[in-house]
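K.L.:
Here is a sequence with its predicted model. Questions after.
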Amino acid sequence: MIIRKKYLDRIIPFIDKKLIKVLVGIRRSGKTVLLSQIKEIILAKEVAAGNIIDINFESMKNRGLRNAVNLYNFVIKAAKHTQGRIYLFFDEIQECESWENAVNSFLVDLDCDIYITGSNSNLLSGELATYLSGRYVQFKVYPFTLAEAKEITVRNGRFSTEEKLFADYLLYGGLPQRFELDDDHSARAYLEDVFEAIVLKDVIARNSIKDIDLLRRLLNFLLDNVGNTFSARSICDFLSRENRATTTETVINYIEYLKNAMIISVSSRYDIKGKNLLKTNEKYYAVDLGLRNVVKSSEQIDSNKLYENAVYLEMLSRGYEIRVGKLAEQEIDFICYKGKERVYIQVAYLLDSEKTRAREFGNLEKIPDNYPKYVLSGDRIDFGKNGIRHENILDFLLDIKV
């Protein structure tokens, strides 16, 4: 187990604040372990172990607590045997029917500090967000970054070089448990099982989807084409050519379900000159490269897409909001925002020609501001110029300064 410091650093300031701490992330991204690390921090403050109530709703032993009334009664009864503040940890809380009613009551009836996890980005939205408005703070948890993967693999001496680790990461992604598997066959089998669990449980069952074949074709298309811009209409046209005619409304709904299950992430386009978000032609990325690679239909090794997707996930994990930039006819791969910070990034597999270098650097040179600008590629030669930094992508992903 590694300490996920960047998440803990964001969460620790909220310990003992009367706000629900909500951790959302794709299944098997490490939310349960992160909860245990938060518990260790709380126990280190000389809190009695009996003041911590920990419930994993995926465990069969807790199946009787999967409705709000039973959960409420259980916690209230346990709290009577404690003194002082109690700490409530609810893992995969979406499995508990009407959980928000119980959680809201705990805030009213108990001196408590609440932490919950869920595998659905829609966990606190719509009416539910209104119901708990102003009473929660949300943290998105992602699979291991390359730096975290390096930390865990250094301990077992699995990779002799960072380059070999990077190649493995691009192929099998960052889900924490897969690093415990010793061979490619086991890693692939594990990823296939996780993928099926997400699709069947978090997408199909939760949303009562009838046309499962259409959903899978849509998902395979999006994962095959990470980093490309598409509209719902253009996706419909593609499916029609595959003899799977559908409507734009269905495509939009299915994409929303896939986003909520956090198997894909969507980046909107931003007009740099006009300073407004564009409503068409979004970009789609996989939330884990391993899950993407075990199901994509193409056998082609698409290094450009893998590099771009890896950088996208890295910047999300560093706490940035990400958009795709549009400047006249040029595109900027990523505009990354965090508070008042802004970073522009172009990603390429190799800058192996003057034409490629002119395109990647030229797009950034046209941006009329002084925020940091980067071109990332697999090259070791430094092509940086005119204030635009060029870094080897491996060095960038292992450096947490940006």
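P.N.:
Good, I have the coordinates.
K.L.:
Show the residue spans covered by the strands in the stretch 1-150 of the chain.
P.N.:
Assigned by DSSP state E, counting those that start in this stretch, the stretch 1-150 of the chain shows strands spanning 20-24, 52-56, 86-91, 112-118, 136-140.
K.L.:
quick check: angle from the third one to strand 52-56?
P.N.:
Our comparison of strand 86-91 with strand 52-56, counting by axes from the mean of the first three to the mean of the last three CA atoms, to 10 degrees, yields an angle of 10 degrees.
K.L.:
Neighbouring strands - and their directions - for strand 86-91?
P.N.:
strand 52-56 (parallel), strand 112-118 (parallel) (DSSP bridges).
K.L.:
Of all those strands, which one is nearest Lys373?
P.N.:
Across the strands paired with strand 86-91, Lys373 has its closest neighbour in strand 112-118 (36.4 Å, CB to CB). In this view, the C-beta of every residue, glycine as well, is placed from N, C-alpha and C.
K.L.:
and the angle from the closest one to strand 136-140?
P.N.:
Going by the same axes, to 10 degrees, strand 112-118 is angled at 40 degrees with respect to strand 136-140.
K.L.:
ok, residues contacting strand 112-118?
P.N.:
Applying CB atoms under 8 Å, 6 or more residues apart in numbering, the contact partners of strand 112-118 are 15-18, 20-25, 31-32, 34-35, 38, 42, 79, 85-94, 99, 103, 106-107, 141.
K.L.:
picking that back up, would you turn the strands of the stretch 1-150 of the chain into TSV with mean neighbour count, distance to Gly319 and mean pLDDT?
P.N.:
Shown next, in TSV, are those (neighbours: other CB atoms under 10 Å; distance: least, CB to CB, whole Å; pLDDT from 0 to 100):
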stretch	mean neighbour count	distance to Gly319	mean pLDDT
strand 20-24	22	14	94
strand 52-56	17	27	97
strand 86-91	23	23	97
strand 112-118	24	18	95
strand 136-140	17	9	92
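K.L.:
I'd like to check which residues are in contact with the residue nearest to the spatial centre of the chain.
P.N.:
Nearest to the mean C-alpha position of the chain, by CA atoms, centre = their mean, lies Tyr142 at 4.0 Å. Each residue near Tyr142 by CB under 8 Å, 6+ apart is listed here: 25-26, 29, 174, 287, 313, 316-317.
K.L.:
try Asn207
P.N.:
Going by CB under 8 Å, 6+ apart, Asn207 touches Tyr257.
K.L.:
and what of Phe221?
P.N.:
When contacts are counted by CB under 8 Å, 6+ apart, Phe221 is found next to 235, 238-239.
K.L.:
now swap in Met262 and tell me
P.N.:
With contact set as CB under 8 Å, 6+ apart, Met262 has these partners: 24-26, 29, 119-121, 287.
K.L.:
Output those as TSV; include the columns distance to Asn293.
P.N.:
Listed next are the contacts of Met262 as TSV, based on distance: CB to CB, whole Å:
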residue	distance to Asn293
Val24	24
Gly25	19
Ile26	15
Ser29	17
Ser119	21
Asn120	23
Ser121	22
Val287	13
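K.L.:
Looking at those, spot the one nearest Asn225.
P.N.:
Using CB to CB, Val287 is the member of the contacts of Met262 that lies nearest Asn225, at 15.4 Å.
K.L.:
so the closest one sits right up against Val141, yeah?
P.N.:
No. Between Val287 and Val141 there is no contact under CB atoms under 8 Å: 10.6 Å.
K.L.:
remind me which residues of the stretch 251-400 of the chain are low pLDDT?
P.N.:
The stretch 251-400 of the chain contains residues with pLDDT under 70 at 273-280, 297-300, 400.
K.L.:
now the helices: where do they sit in it?
P.N.:
Under the criterion DSSP state H, counting those that start in this stretch, helices of the stretch 251-400 of the chain are mapped to 289-295, 303-317, 354-365, 393-397.
K.L.:
how far off strand 136-140 does the longest one point, in degrees?
P.N.:
Angle of helix 303-317 versus strand 136-140, following the same axes, to 10 degrees, is 150 degrees.
K.L.:
going forward can the numbers begin at 52, since that is how I track them
P.N.:
Taking 52 as the first residue, the last one we looked at is helix 354-368.
K.L.:
Go ahead and measure how far helix 354-368 is from the middle of the chain.
P.N.:
Its chain's C-alpha centre and that of helix 354-368 lie 12 Å apart, by CA atoms, centre = their mean, to the nearest Å.
K.L.:
One more: the first one?
P.N.:
In terms of CA atoms, centre = their mean, the centre of helix 340-346 is set 14 Å apart from its chain centre.
K.L.:
Domain map for the chain?
P.N.:
Structural domains annotated on the chain: 56-191, 197-448, as defined by automatic domain parsing.
K.L.:
quick revisit: what's the closest of the helices of the stretch 302-451 of the chain to Phe434?
P.N.:
helix 405-416 (5.8 Å).
K.L.:
buried sites along that closest one?
P.N.:
408, 411-412, 414-415 (16 or more other CB atoms under 10 Å).
K.L.:
circling back to that earlier point, distance to Asp446 added to the strands of the stretch 52-201 of the chain, as TSV?
P.N.:
Formatted as TSV, the strands of the stretch 52-201 of the chain follow (distance: least, CB to CB, whole Å):
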stretch	distance to Asp446
strand 71-75	30
strand 103-107	39
strand 137-142	36
strand 163-169	33
strand 187-191	25
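K.L.:
name the element the nearest residue in space to Ala296 that is not next to it in sequence belongs to?
P.N.:
Leaving aside its sequence neighbours, Ala296 sits nearest to Leu290 (CB to CB, 6 or more residues apart in numbering; 6.9 Å). Leu290 belongs to helix 283-292 when assigned by DSSP states H and E.
K.L.:
And that helix, what does it pack against?
P.N.:
Helix 283-292 sits against helix 263-275, helix 299-311, with contacts defined as 3 or more CB pairs under 8 Å, 6 or more residues apart in numbering; DSSP states H and E.
K.L.:
Now do it against helix 299-311: the angle between them, please.
P.N.:
100 degrees.
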